[in-house]
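[1] Give me the fold of what follows.
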Amino acid sequence: MSADLAGLVSRLEAVTTRLESVASKSGSGAGDGDGEVPEFLSAYDEFVAQYVDPFVAASAKVESALVKEAAAALKKVTVEQKRFLVIASKHSQPKQDELAKLFKPLTELIAEVGQIKDKNFKDRDYSNYTGAVNEGVGAFGWVAVSPAPAPYVKATGEGAQFYTNRILKERQDKDWVKSYLPIFTALFDYVKKYHTTGVSWNKNGPPATASAAAAPGAPPPPPPPPAASAAPPAPQQAQADVSALLQDLNKGAAVTSGLKKVTDDMKTHKNPKLRQSAAPYKKPVASKPTPVAKPKPAGPVRTPALALVGKKWIVEYHSGRQDLVIDEALMKHTVYVYKCDNCTLTVKGKVNSITLDNCKKTAVVFDNVVSGLEFVNCQSVQGQVTGKLPTASIEKTDGCQLYLSKESMNCQIISAKSSEMNISVPQEDGDFGEFAIVEQFRSVWNGKTFVTEPTELAE
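    Next up is the predicted model:
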């Protein structure tokens, strides 16, 4: 009941905020558009108030400080994204290097959630909570995806269900799960409505710069150092003690008259009860030397790279980057992505082939491929084609989501030693329909050879 009331209050606050913005626009009398707030900004505020704020409130009831910290970090991501959208409403899209600087604060906040998940890895009771937040927060990287960010949001949100299903099974925390998963459904609807092909930049404004992303106002200066305190005066008690000592010394031999005398029962050599026998001698036991473990050699530090070497684009060792872009690709070029973690790569133009090798939680969005797309030794990867894709190969990969375009419906998909493979195809209503690739087969001898077909479970 309290959760419903909190949700209702959040919705009323969002409606009030929107009414106030509308009133301010009508009262200003600006007919040329100056001072007007774009509708997509007001809609984003409503999204945060109706879905993100109730989730933060639900996380506050979980008995884990790291879960509360992860929810607060997710809220900071939405605040930073709102600031980015405000910049986009006033400026036109900048060049790629400047755009990467604008993405950096948002990327760092998304990576912060991953650090919280790592700290909570050994907590069996609440590690699934932080895992779910970390898996889903990547959906807010949609601002770096073009030309179809909405499917990316949907796929990333669905990835969080792996952890929420565990929470429902092990903890039966329905309230927390019900407050978390709707965030991605609402974000998908918001992006699909207001940012169909990417962030809605203001084409009439000046190009955005990294300085525009700086928070207004400077931080307050540090407090001045404390003033040096004066030396404390000599205590009068010390002076009195010195005077008393001088008076005792002037007594001469009578100074010892006030001392307490030691009787024979207090003397060790005259009272046997006060004597202590010596402990028996024990031969020291030689301790065995502790073997010193040989230090393991530290692995080489890999430098991230995104460069064209000959005819091959090399993209390797990136982590937490949602803004990787190749915008000078040619048909003779190939793209090789190696050991990237939690990244998004956009390839503009037509290339010969694209390969993802040993990547985790990495997505690639591309226009056209002449030969094919290949996933090898990957985990939780995604691919999205907006043009033509003749062949897709999935090998030794656990978790693969592929989005096809209308021009790629004849794509041949070849899979081997892989699991959790899903292909999404466009529907008439503009949404995507998801279909799973068969993983399990049954082979039967028919007298001449083995006949292989999908099992009933796979169907």
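[2] Run through the chain and note the low-pLDDT ranges.
    1-35, 212-261, 267-270, 273-283, 285-290, 292-301, 456-459 (pLDDT under 70).
[3] Which parts of it are helices?
    In order along the chain, the chain carries the following helices (DSSP state H): 2-28, 39-47, 53-59, 65-90, 96-119, 127-137, 149-159, 161-170, 174-180, 182-194, 236-249.
[4] Kindly reformat those helices as CSV containing distance to residue 316 and mean neighbour count.
    C-beta coordinates here come from the backbone N, C-alpha and C atoms, glycine included. As requested, the helices of the chain are arranged in CSV below (distance: least, Cβ to Cβ, whole Å; neighbours: other Cβ atoms under 10 Å):
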stretch, distance to residue 316, mean neighbour count
helix 2-28, 44, 13
helix 39-47, 35, 17
helix 53-59, 36, 20
helix 65-90, 27, 19
helix 96-119, 17, 18
helix 127-137, 23, 25
helix 149-159, 22, 23
helix 161-170, 27, 16
helix 174-180, 33, 19
helix 182-194, 29, 19
helix 236-249, 73, 9
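[5] of all the ones you listed, which lies closest to residue 412?
    Shortest distance between residue 412 and these, using Cβ to Cβ, is found for helix 149-159: 21.3 Å.
[6] elements contacting the closest one?
    In terms of contacts (3 or more Cβ pairs under 8 Å, 6 or more residues apart in numbering; DSSP states H and E), helix 149-159 is packed against helix 127-137, helix 182-194, strand 363-376, strand 379-385, strand 398-403.
[7] between these, which one is nearest to residue 346?
    Across these, the minimum distance to residue 346, taken as Cβ to Cβ, is reached by strand 363-376, at 4.9 Å.
[8] Could I get the buried residue list for the closest one?
    Judged by neighbour count using 16 or more other Cβ atoms under 10 Å, the buried positions of strand 363-376 are 363, 364, 365, 366, 367, 368, 369, 372, 373, 374, 375, 376.
[9] Who is the nearest residue to residue 203 once chain neighbours are set aside paired with across the strands?
    Nearest in space to residue 203, with sequence neighbours left out and distances taken as Cβ to Cβ, 6 or more residues apart in numbering, is residue 92 at 5.5 Å. Taking DSSP bridges, one finds residue 207 as the beta-bridge partners of residue 92.
[10] what's the neighbour count on residue 92?
    13 (other Cβ atoms under 10 Å).
[11] Distance to residue 335 added to the helices of the chain, as CSV?
    Written out in CSV, the entries for the helices of the chain read as follows (distance: least, Cβ to Cβ, whole Å):
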stretch, distance to residue 335
helix 2-28, 43
helix 39-47, 32
helix 53-59, 37
helix 65-90, 27
helix 96-119, 16
helix 127-137, 26
helix 149-159, 18
helix 161-170, 28
helix 174-180, 35
helix 182-194, 26
helix 236-249, 83
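[12] Out of those helices, which gets nearest to residue 425?
    helix 149-159 (11.1 Å).
[13] what's around the closest residue to residue 348 other than its chain neighbours, how many residues?
    Taking Cβ to Cβ, 6+ apart, and ignoring the residues beside it in sequence, residue 348 has residue 327 as its nearest neighbour in space, at 4.6 Å. Residues near residue 327, counting by other Cβ under 10 Å, number 10.
[14] What's the separation between the residue nearest to residue 93 when sequence neighbours are not counted and residue 90?
    Counting by Cβ to Cβ, 6+ apart, residue 93 lies nearest to residue 201, which is 4.3 Å off, once chain neighbours are set aside. Applying Cβ to Cβ, to the nearest Å, one obtains 9 Å for the distance of residue 201 from residue 90.
[15] can you check residue 174 too?
    Computed as Cβ to Cβ, the residue 174 to residue 90 distance reads 42 Å.
[16] do the same with residue 63
    Relative to residue 90, and taking Cβ to Cβ, residue 63 is found at 43 Å.
[17] Residue 130 now?
    Separation of residue 130 from residue 90 (Cβ to Cβ): 35 Å.
[18] same deal with residue 98?
    Distance of residue 98 to residue 90, given as Cβ to Cβ: 15 Å.
[19] hmm, back to that, so which of the helices and strands packed on helix 149-159 is nearest residue 429?
    Residue 429 sits nearest to helix 182-194 of all those, at 11.4 Å, using Cβ to Cβ.
[20] Export the closest one to CSV, keeping only CA atoms.
    Written as CSV, here are the backbone C-alpha positions of helix 182-194 (Å, rounded to 0.1, in the frame of the first residue of the first chain):
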residue,chain,number,x,y,z
PRO,A,182,9.2,-1.2,-15.6
ILE,A,183,12.1,1.3,-15.8
PHE,A,184,13.3,-0.2,-19.1
THR,A,185,9.8,-0.6,-20.6
ALA,A,186,9.1,3.1,-19.9
LEU,A,187,12.6,4.1,-21.2
PHE,A,188,12.0,2.0,-24.4
ASP,A,189,8.7,3.8,-25.0
TYR,A,190,10.3,7.2,-24.3
VAL,A,191,13.3,6.7,-26.6
LYS,A,192,11.1,5.2,-29.4
LYS,A,193,8.8,8.3,-29.2
TYR,A,194,11.2,11.2,-28.9
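[21] correct me, but residue 68 touches residue 59?
    Yes. In this structure, residue 68 sits in contact with residue 59. The criterion is Cβ atoms under 8 Å, and the distance is 5.6 Å.
[22] Quickly list the domain ranges of this structure.
    The record, using automatic domain parsing to delimit domains, assigns the chain the ranges 2-210, 305-454.
[23] Can you check which of these gets nearest to residue 266?
    domain 2-210 (59.9 Å).
[24] mind listing what residue 423 touches?
    Counting by Cβ atoms under 8 Å, 6 or more residues apart in numbering, residue 423 touches 402, 404, 413, 434, 435, 436, 437.
[25] are any of those residues buried, and which?
    So, of those, 402, 404, 413, 437 end up buried under the neighbour-count rule (16+ other Cβ under 10 Å).
[26] Just name the closest of those to residue 168, please.
    Distance from residue 168 was checked for each of the buried ones among the contacts of residue 423 by Cβ to Cβ. The minimum falls on residue 437, at 26.2 Å.
[27] Now that that closest one has come up, it's in contact with residue 424, right?
    No. With contacts defined as Cβ under 8 Å, residue 437 does not count as touching residue 424, sitting 11.6 Å away.
[28] got any residues that touch both of the two?
    When contacts are counted by Cβ under 8 Å, 6+ apart, residue 437 and residue 424 are jointly contacted by no residue.
[29] in stretch 403-411, what counts as buried?
    403, 404, 405, 408, 411.
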